[in-house]
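Student: 3D, please:
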Amino acid sequence: MVHTKGREKIQITLTATDKELSKEEKTLLSPDQHYPLLKAEKKLSGMIGMKHVKDFIREMYALVYVNESRANLELETTQQNYHMLFIGNPGTGKTTIARIMADMLKEMKIIEKGHFIEADRADLVGEYIGQTAQKTKDIIKKAEGGILFIDEAYSLARGGEKDFGREAVDALVKAMEDNQHKFILILAGYPEEMKQFLKLNPGLPSRFPNTLTFQNFSGSDMLELSKRMMAEKDYQPTESLLNKLHSHFQTLDYPYVSHNGRYVRNLVERMIRQHALRLLEQGEQLNKKVLMTLETRDLLIYEE
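Tutor: Here you go, the predicted model:
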């Protein structure tokens, strides 16, 4: 069930570009019924460049809600497959969104416990025959009632034909078939590598009906994110620094995997370190303004 008591109703109105929406076209979402969705959307509201993610989460919620409503009216329903693929470059928010999804599905009673198990190749692949199947079985057992999130899933295939990673993939596929409603599996990874990974086992693609592609940040997204990060740390950039950042972000070649949220965080942290070194070496008197102001000379750009 997705009902939560004791909360006031709110109205979310979607505005049209060409004409005013009629009363019938307005969307009324009551926290009494839709608290899990509104909670997830609140977490997403502060995230940059996530419109497609927000649409995906709302779609997943609607699927569960409508299916439950049909069951309540004794209409035909089918058990849904909630296994997912999260495809995107580093720093685009895959792990964060997986955690938000786990919390929402727990609120909706789709998964019993809602715990989040994060695993990688080392957790699944053994060093000798028979070890991999047991390690994978143990991880799946731990994930029952929750979500199993495997980042860089393609690493399971990196060892070639004789690698035990293939055994782990086969065990996961079997578990998805035998225990498909006991846990939810999310496989995540980079776009090109995941294309090759899905060819590893013929049964893989068909078992993931829900694919979410995480887009790279635009130059404007990266500038906005850097401003937020600086503000959160009580730093204020000069106008010239913002202009230089803007120019830099516009020149980046966005298919490169490093130029996302992680890249911005590293850049901001580097500016803060350079700012501290500058103040130390200048020996000037420190006051609140000096301690908070990041200048153009604090921006050092390296190839990553």
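
Student: who does whatever helix or strand residue 140 lives in touch, helix- and strand-wise?
Tutor: Per DSSP states H and E: residue 140 is located in helix 131-143. Identification of packing neighbours for helix 131-143 by 3 or more Cβ pairs under 8 Å, 6 or more residues apart in numbering; DSSP states H and E yields strand 116-119, helix 121-124, helix 165-178. Where C-beta positions appear, they are placed from N, C-alpha and C, glycine not excepted.

Student: Give the other helices and strands that the next helix-or-strand element following it contacts.
Tutor: As assigned by DSSP H and E, the chain's next helix or strand after helix 131-143 is strand 147-150. Packing partners of strand 147-150 (3+ Cβ pairs under 8 Å, 6+ apart): helix 94-107, strand 116-119, strand 184-189.

Student: pLDDT of strand 147-150, averaged?
Tutor: What strand 147-150 shows for mean pLDDT is 94.

Student: Please apply the same query to stretch 59-66.
Tutor: 91.

Student: when you give positions from now on, start the count at 792
Tutor: Sure, I'll start counting at 792 from here, so that last one is stretch 850-857.

Student: Could you give me the buried positions within that stretch?
Tutor: Across stretch 850-857, burial judged by 16 or more other Cβ atoms under 10 Å covers 851-852, 855-856.

Student: Pick the most deeply packed of the helices and strands packed on strand 938-941.
Tutor: strand 975-980 (a mean of 25; mean count of other Cβ atoms under 10 Å).

Student: Take that strand, keep the C-alpha atoms, and write them as CSV.
Tutor: Only the C-alpha atoms of strand 975-980 are listed here, as CSV (Å, rounded to 0.1, in the frame of the first residue of the first chain):
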residue,chain,number,x,y,z
ILE,A,975,15.5,-6.0,-7.2
LEU,A,976,18.7,-6.0,-9.2
ILE,A,977,20.2,-2.8,-10.6
LEU,A,978,23.2,-3.1,-12.8
ALA,A,979,25.1,0.1,-13.5
GLY,A,980,28.0,1.1,-15.8
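
Student: No further queries at this time; thank you.
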